[in-house]
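S.K.: Next come a sequence and a model predicted from it.
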Amino acid sequence: MTLVLILALFACGKNETSSTVDLVKTIATESRTKPRVEVSVKMNGEQPAPEDLVLQKTIEDRIERAHIGRLISSGSNSGYLNVTVEVDNTADAIAKLRTILQNAGALNRSSFKVKSGD
């Protein structure tokens with residue numbers, strides 16, 4: 001009887017561990033497969049001016065408030081502000097990002113690039 005109880009407990013423990021491992025694998029797989037949208041905004045110079053940094057912060061804040069996706073990175077490079085957002089749906093995200101950029105007065109100097117989440 002004791003042996004049966006020990007075997008039953010051992011078997012239950014294996015299933016819990018297996019389901020936990022499966023859950024972790026599923027979450028990891030889903031997080032790798034979400035697409036990303038990279039927004040680039042042309043600055044007036046090669047280095048960001050104070051107004052460029054204010055614009056960047058405004059864009060980041062509005063992305064978070066609108067729940068467009070998860071902000072992955074933000075910075076500047078070679079005359080451009082760059083913001084990368086992990087999203088569920090690229091078409092919906094780009095439409096919302098265009099509105100944010102238009103309201104910030106930066107849509108006419110912005111571009112978008114869709115990247116795979118791998």
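M.R.: Looks like it came in fine.

S.K.: So which residues of this protein form helices?
M.R.: Under the criterion DSSP state H, the chain contains helices at 2-33, 50-65, 90-103.

S.K.: what angle do the shortest one and helix 50-65 make?
M.R.: Interaxial angle of helix 90-103 relative to helix 50-65 (axes from the mean of the first three to the mean of the last three C-alpha atoms, to 10 degrees): 140 degrees.

S.K.: pLDDT on helix 90-103, on average?
M.R.: Per-residue pLDDT values across helix 90-103 average out to 97.

S.K.: By mean pLDDT, point me to the weakest helix or strand of this structure.
M.R.: Least confident helix or strand, the chain: helix 2-33 with a mean of 61, by mean pLDDT, DSSP states H and E.

S.K.: what's the domain layout of the chain?
M.R.: Per automatic domain parsing, the structural domains of the chain span 1-33, 34-115.

S.K.: Any chance of JSON lines for the ones you listed, columns mean neighbour count?
M.R.: Just so you know, the C-beta spots here come from the backbone N, C-alpha and C atoms, and that holds for glycine as well. Shown next, in JSON lines, are the domains of the chain (neighbours: other C-beta atoms under 10 Å):
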{"stretch": "domain 1-33", "mean neighbour count": "9"}
{"stretch": "domain 34-115", "mean neighbour count": "16"}
